[in-house]
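Novice: I would like the atomic coordinates for the input below:
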Amino acid sequence: MYYLVGGILRIFQTMLKTIPNERLALILILLCAAALRLAWLNWSLPNRFHTATYNCDESTALTCLQAMDPSKLNFNPVSQKHPYALVEGTFNLYTYAAALKLASIAGWATLTADKEFYYRNIAEMGRLFMIGRLLSALYGLLTVVLVFALAKKMYGARTGLLAAFFTAVLPAHVVHSRYIIMNVPGVFWIVFAFLFMKNILEGGRTRDYILAGVGLGLAAATRLSGAPLGLMLFPAHFMSPAPGRSLKRLSLAVAAAFLVFLIGDPYAILDFPDFLKGMKLLNTLTTSAVKLSFYGHLSILAGSLTEALGLPLLLTCMAGIAAALAARTRNDLLLLAWIFLLFICFYRAGENAYPSRILPALPFMLILAAALLARAWDRKPWLARAALAATAAQAVVFYAAYFSLLSRADIRDTASSWITTSIKPGSSIGLLREPSYFSPGVIDRKYRHPDHDQLPDYKFIALTGGYWLAEPGYELLGKVKPDYVIATDFETGSRLEPDFLKTLDKYGYREIKRFEEEFSVLNFRIAKKIPAMLYTPNYIYVFEKSGRN
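Specialist: Next up, the predicted model:
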């Protein structure tokens, strides 16, 4: 702990020694980063229609905490509700639990094991989510600072400021800084570890090795997919020009990483069978379930990178990587090794390489992009400024559309309100899939808590005869014939499932209501579909049985 606190203090001390203009620029960048991460942070908090947020992973954190019993020193997140809780590290869960406890002591939140209390006092449930989101936003802001410090150490102050700005406005980082998930905290600890790997690269003292190991251990304990970071200790150590490279120091780094990992994720040992179960699931999630061609894998990865970065910043990053490959300085090689190691993992993941999962590579791509623009600033200033202007313009358009989306009534709440006033209690509603974070909240809440009496009673009927993720979602429609069928474009895909409309017509169903949302600025649609990482459906359809059949 002494080394960890000392390392953080040294980082901020280095930052504050900069010249006044540089400090002012960094403060402005941080204000921009804070505004983007905190505006409309209450988006999709629980209300009378839904007890969880519309990001399914956020409720998982509370499910994990419910499984623990601190009075019995049981901090294991595994439960019947979530048997694969050890698929990720537990350190972020523990910091979230600590934040909730502090908020409870301060009177900002109520902690109780009585679930009915939260169902009847839904604002209290919202506070639990808000506290976790504020913690993630804090990690996001601190990551901007660390990226600045790392980029400055490697390539100079101008690169540091550019890299900090790119991180501040990075779509995937901003969006995921607003959720209770481990992705952004995991990236924070990865960048923290790289700061001290940079010192190791330049010769490094014993404490640099220990602090690099601490960062590595916390990165893996926060998000198990951060474990490959351990491999980066070796190029940092062996590329160092220091004549007295000591394997003892390298061993200390590895030992520190292992010890800190066990402190942050103790049930990797204490509940080894469930840890192995989680590792098997993690392997599944990081392996493409669909057989794709080489170009198919690249196409998916390119799509995720474009969504995560925006096209101008992606192109600048690719140019930065190309420039680093040509220059091949020690700094370049260290960053490139990490980026390409992750790209191999992302390629293997195929359709599972979501923007949230590729986040660990992005700050380092941004640093290389910033280094390229910093060098071009004096030689070809028009080119550097054009790239920066394109990135800023893309950010303005993206966030104008994003915050416009968040400021409007959510399509799922609008649909829920219509359902409760237009569909009589006791009606049967057919579902193509189990309700998800894309479904109208009233359906998801009533489906999962059928005895809760604050919502109309509906009879929910599954329309699939097999595994709902693999079978057509309307296989039993002709047999069960519900009064209504409600679906979103998540269930039906980019187009309605093959023969879905024909099947509905065959059994006498007609569309009576359609709710539509769009990603737009001033009523001008800027994308055909809302980016998937924003967790918002484009359409919700309501079909009613007309009585013809």
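
Novice: Sort out which residues of stretch 50-65 are buried, please.
Specialist: 50-55, 57-62, 64-65 (16 or more other CB atoms under 10 Å). From N, CA and C alone the C-beta is placed, and that goes for glycine too.

Novice: The residues you listed in helices, which ones?
Specialist: Among the buried residues of stretch 50-65, DSSP state H puts 57-62, 64-65 in helices.

Novice: can you put these in TSV and add distance to F403 and pLDDT?
Specialist: Below are those laid out as TSV (distance: CB to CB, whole Å; pLDDT from 0 to 100):
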residue	distance to F403	pLDDT
D57	22	83
E58	19	87
S59	24	86
T60	26	88
A61	25	90
L62	26	88
C64	30	90
L65	30	90
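
Novice: and which of the residues you listed is nearest to A326?
Specialist: D57 (39.6 Å; CB to CB).

Novice: Which one of the buried residues of stretch 50-65 is nearest to R514?
Specialist: Y54 (19.2 Å).

Novice: list the contacts for that closest one?
Specialist: Shown in contact with Y54 (CB atoms under 8 Å, 6 or more residues apart in numbering): 44, 410, 412, 437-438, 441, 535-536.

Novice: For the residue nearest to L36 when sequence neighbours are not counted, give me phi and psi.
Specialist: Closest residue in space to L36, ignoring its immediate chain neighbours: V174 at 4.8 Å, by CB to CB, 6 or more residues apart in numbering. Phi and psi for V174, reported as degrees, to the nearest 10, are phi -60, psi -50.

Novice: ranges for the strands of the protein?
Specialist: All strands of the chain, identified by DSSP state E, fall at 428-431, 459-462, 484-488, 509-516, 520-521, 524-525, 539-545.

Novice: For L309, which of these is the nearest?
Specialist: Of those, nearest to L309 by CB to CB is strand 520-521, at 19.2 Å.

Novice: Could you check how far that closest one is from the centre of its chain?
Specialist: 23 Å (CA atoms, centre = their mean, to the nearest Å).

Novice: Who are the packing partners of that strand?
Specialist: Here strand 520-521 touches helix 381-407, going by 3 or more CB pairs under 8 Å, 6 or more residues apart in numbering; DSSP states H and E.

Novice: Report all helices and strands that the helix it packs on contacts.
Specialist: Using 3+ CB pairs under 8 Å, 6+ apart, helix 381-407 is in contact with helix 157-169, helix 171-176, helix 311-327, helix 362-379, strand 520-521.

Novice: okay, G466: pLDDT?
Specialist: You'll see G466 listed with a pLDDT of 59.

Novice: If you could redo that for G107, that was the one I meant.
Specialist: On pLDDT, G107 comes in at 91.

Novice: how many neighbours does H297 have?
Specialist: Here the number of neighbours of H297 (other CB atoms under 10 Å) works out to 18.

Novice: now swap in the one 10 residues further on and tell me
Specialist: Neighbour count for E307, taken as other CB under 10 Å: 21.

Novice: which one of the ones in helices among the buried residues of stretch 50-65 is nearest P273?
Specialist: C64 (17.4 Å).

Novice: Distance check, the closest one against V169.
Specialist: Remark: distance between C64 and V169 (CB to CB, to the nearest Å) = 31 Å.

Novice: can you check L276 too?
Specialist: Taking CB to CB, one finds L276 at 40 Å from V169.

Novice: pLDDT value on the closest residue to V542 other than its chain neighbours, please?
Specialist: Spatial nearest neighbour of V542, chain neighbours left out: K513 (4.1 Å); criterion: CB to CB, 6+ apart. For K513, the pLDDT comes out at 94.

Novice: Perfect, that will be all.
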